[in-house]
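# quick one: sequence and predicted model below, then my questions.
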Amino acid sequence: MANLDHLSAETRKALAADQGILDTFGVTVESIGDGRCELICRVPENLINAGGFAHGSIAFAVMDTACAYAIRSAGVSGVTIHGDTHFVRGAAAGDKLLAQVEIVNIGRRVATLRGETYICADNGDRKLAAHGAFVFQLRR
């Protein structure tokens, strides 16, 4: 896990509150700040679907969670009101996934974000697994 000492107390509290979802998907924080977030997870065996691939909810959940942290890094909190994910390729059990998200726009009431989830090989190569757009209702 990355050094998160620079995060606000509120963001660290949110990370602690999210520990259940982070543990379910084996998520660790790579970075949070400046309206961006990167999360990493290894696809758990118990989330492989009947087709032999990681269930799509993993890519969605990791991007959605990263969006929430990206918003918090901008000094506000919010809740997802829309998420649109396009799946490009399937991941297998044990694959390393990297979710990268960034804020596109923050208004008074909503924020829009975009994100990608990559399958990362041990040699550093990565392939796009999913991409999406998210809308968050802000809580100020």
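That came through fine. Residues are numbered from 1 along each chain as shown.

# the closest residue to residue 27 other than its chain neighbours is in what secondary structure piece?
The shortest distance from residue 27 to any non-neighbouring residue, by CB to CB, 6 or more residues apart in numbering, is to residue 41 (4.5 Å). Where you see a C-beta, it was placed from the backbone N, CA and C, and this is true even at glycine. Assigned by DSSP states H and E, residue 41 belongs to strand 36-42.

# which neighbours does that strand have in its sheet, and in what orientation?
Applying DSSP bridges, strand 36-42 is found paired with strand 27-33 (antiparallel), strand 96-106 (antiparallel).

# okay, buried residues for the last one please.
Same thing as strand 96-106. Buried residues in strand 96-106, counted by 16 or more other CB atoms under 10 Å: 96-103, 106.

# which phi and psi does residue 14 have?
phi -60, psi -40 (degrees, to the nearest 10).

# one more: the one 10 residues further on?
Here is the backbone geometry of residue 24 (degrees, to the nearest 10): phi -60, psi -40.

# for it, grab the count of nearby residues.
Around residue 24 there are 14 other residues, counting by other CB atoms under 10 Å.

# repeat for residue 123
For residue 123, the neighbour count with other CB under 10 Å is 6.

# follow-up on the earlier one: can you tell me which of the strands paired with strand 36-42 the model trusts least?
Ranked by mean pLDDT, the strands paired with strand 36-42 bottom out at strand 27-33, with a mean of 93.

# what's the strand holding residue 41 in contact with?
Strand 36-42 is touched from outside by 25-32, 58, 62, 65-67, 69-70, 73, 94-103, 120, with contacts defined as CB atoms under 8 Å, 6 or more residues apart in numbering.
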